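> just a sequence and a predicted model for now, questions to come.
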Amino acid sequence: MADTTPTHAVAEFASDVRHSKLDPEVTHAVRRAMLDSIGVMAAGTRHPASAKVIGMIEDLGTTGPCLIVGSAHLTDPVNAALANGVSAHVFDWDDTILPTRAHLGAALLPPLLAAGETRGWTLDAIVPAFAVGFEIAARINEAVYPSIHLRGWQGTGVAGGTGAAVSVGRMLGLEAGEIAHAIGIAATNASGLIATFGSMSKPLNIGRAGASGLQSALLASLGYTSHADMLGTGKFLEQYDDAPRHDVLLDGLGERWSITENGYKPYPCGFVAHAAIDAVRDLRAEAGEETELHALRLDVSPESMQLMNKTNPQNELEAKFSLIYDAAVAWIEGNVSPAAFEDESVRDPRYRKIMDRTKISVVETIAQHEAYAEADLGDGRTVKTHVEHARGTTQRPMSDDDLLEKFATALEIGGYSGADTLADLIMTADTAPVAQIIDRLQSGARAT
């Protein structure tokens, strides 16, 4: 009798050769995710957290065939995936799928690039692997959401490793039974705590997930075993939800693709602040840039203040999880850019003045992608606005041109030139090896 366990069904989906030719819509969605992930990865190489991870790898003396983006150091694929995954998430500027707020690009792409760099994989070949891994990780997250977050786990850190294991396992040509064991190995390594938000360990959750997924697939390719049905009788999901929705794992699998619902961040901070930022920007535009603000009132979702409740941020990482700070920046600057999170910006008295004039209320009926805002102005006016869907969500998506502009900005922050050429490679090249992307980022284009 054929094995019909949930894990084996997922593994069969992952290894299905029919996915080698995806619909153009799905392929394009994957390319968009790759572009965004590589851009924020390049920017993140400038971050102290990335430098510390690279320093640790160098201190360990590991060597190998893989380049770490932003470093001349050569290391093994697992450590390359770790370092590049940290860089891809450290700015909190990477993709976000709702409602689970998972950031799957940073977990999936670094291990595919690291393994593919040494194995001659092409961009065209890894597109279906990325789509498949994204699908499985998204469904695992959805099956236990929101309980997983309420228990203090970061969903991407937990599910990202299984998605990466599936992606790499497919590229390695593993059979369904071997992919099932890769899932089991990744599941037993799964972790990532919400308590790390606002610290260097948040991006470590994501980098470690991708590295663990790669390691799990490599071990499974050598015959390493785990529980063969971790998604079923292995009770992986039950660790995060007393009543996980197992049907989510398989319902419509292969008929619809989660990657087409992926969202992208215009602002480098926690997603649940984005609707409020949009609302404040709208108020500022209506009020006029020079109009004095007497009071700012925001009504936001419960999730917004569960995750963005740092009221007195002292550094860049804390400010990324301070909704009151992000709102103040939006009022003063008319935008929230990476420059707002430099440590000296966090101490800017102009922002602190607006923070003192801001009141935030949680309203249970407001969605995490929604916000209301009201401002009392110095000229006696009161202006109001409602943002139903934050910019970057599927209901209000960033266009290809928006993503290309963000990509160019991210590369500039990372100290790289040649954004147009690299973007064209990522979005259109088929037979180009994935190593060519890494080579472009290591070819001397980076400013010293």
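Thanks, I have it.

> show me where the stretch 51-200 of the chain has helices.
For the stretch 51-200 of the chain, the helices defined by DSSP state H, counting those that start in this stretch cover 77-89, 105-119, 123-143, 147-150, 155-171, 176-188.

> mean pLDDT and distance to Thr5 added to those helices, as JSON lines?
Quick note: C-beta positions are derived from backbone N, CA and C, even for glycine. Formatted as JSON lines, the helices of the stretch 51-200 of the chain follow (pLDDT from 0 to 100; distance: least, C-beta to C-beta, whole Å):
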{"stretch": "helix 77-89", "mean pLDDT": "98", "distance to Thr5": "28"}
{"stretch": "helix 105-119", "mean pLDDT": "97", "distance to Thr5": "24"}
{"stretch": "helix 123-143", "mean pLDDT": "97", "distance to Thr5": "15"}
{"stretch": "helix 147-150", "mean pLDDT": "97", "distance to Thr5": "22"}
{"stretch": "helix 155-171", "mean pLDDT": "98", "distance to Thr5": "15"}
{"stretch": "helix 176-188", "mean pLDDT": "98", "distance to Thr5": "8"}
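
> in CSV: the ones you listed, plus distance to Tyr351.
Compiled in CSV, the helices of the stretch 51-200 of the chain are given as follows (distance: least, C-beta to C-beta, whole Å):
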stretch, distance to Tyr351
helix 77-89, 25
helix 105-119, 28
helix 123-143, 34
helix 147-150, 28
helix 155-171, 29
helix 176-188, 41
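
> save the ones you listed as CSV, and put in mean neighbour count too.
Converted to CSV, these look like this (neighbours: other C-beta atoms under 10 Å):
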stretch, mean neighbour count
helix 77-89, 31
helix 105-119, 29
helix 123-143, 25
helix 147-150, 18
helix 155-171, 31
helix 176-188, 26
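
> out of the ones you listed, the one nearest Leu219 is which?
helix 176-188 (5.7 Å; C-beta to C-beta).

> angle of the closest one against helix 155-171?
160 degrees (axes from the mean of the first three to the mean of the last three C-alpha atoms, to 10 degrees).

> among the helices of the stretch 51-200 of the chain, which comes closest to Leu214?
Across the helices of the stretch 51-200 of the chain, Leu214 has its closest neighbour in helix 105-119 (3.7 Å, C-beta to C-beta).

> for that closest one, the distance to its chain's centre please.
Here helix 105-119 is found 15 Å from its chain centre; the criterion is C-alpha atoms, centre = their mean, to the nearest Å.

> repeat that for stretch 347-367.
25 Å.

> one step back: which of the helices of the stretch 51-200 of the chain sits closest to Asp241?
helix 147-150 (3.8 Å).

> contact partners of that closest one?
With C-beta atoms under 8 Å, 6 or more residues apart in numbering as the test, helix 147-150 has contacts from 141, 155, 158, 194, 240-242, 244, 306.

> 10 Å instead?
Contact with helix 147-150 is made by 100-101, 140-142, 153-155, 158-159, 192, 194, 237, 239-244, 303, 306-307, as judged by C-beta atoms under 10 Å, 6 or more residues apart in numbering.

> just the buried ones among those residues, please.
The neighbour count (16 or more other C-beta atoms under 10 Å) marks 100-101, 140-142, 153-155, 158-159, 192, 194, 237, 240-241, 244, 303, 307 as buried among the contacts of helix 147-150.

> report the central residue of the protein.
What sits nearest the mean C-alpha location of the chain, by C-alpha atoms, centre = their mean, is His103, with 2.5 Å.

> what's it sitting at in phi/psi?
Backbone torsions for His103, taken as degrees, to the nearest 10, come to phi -120, psi 80.
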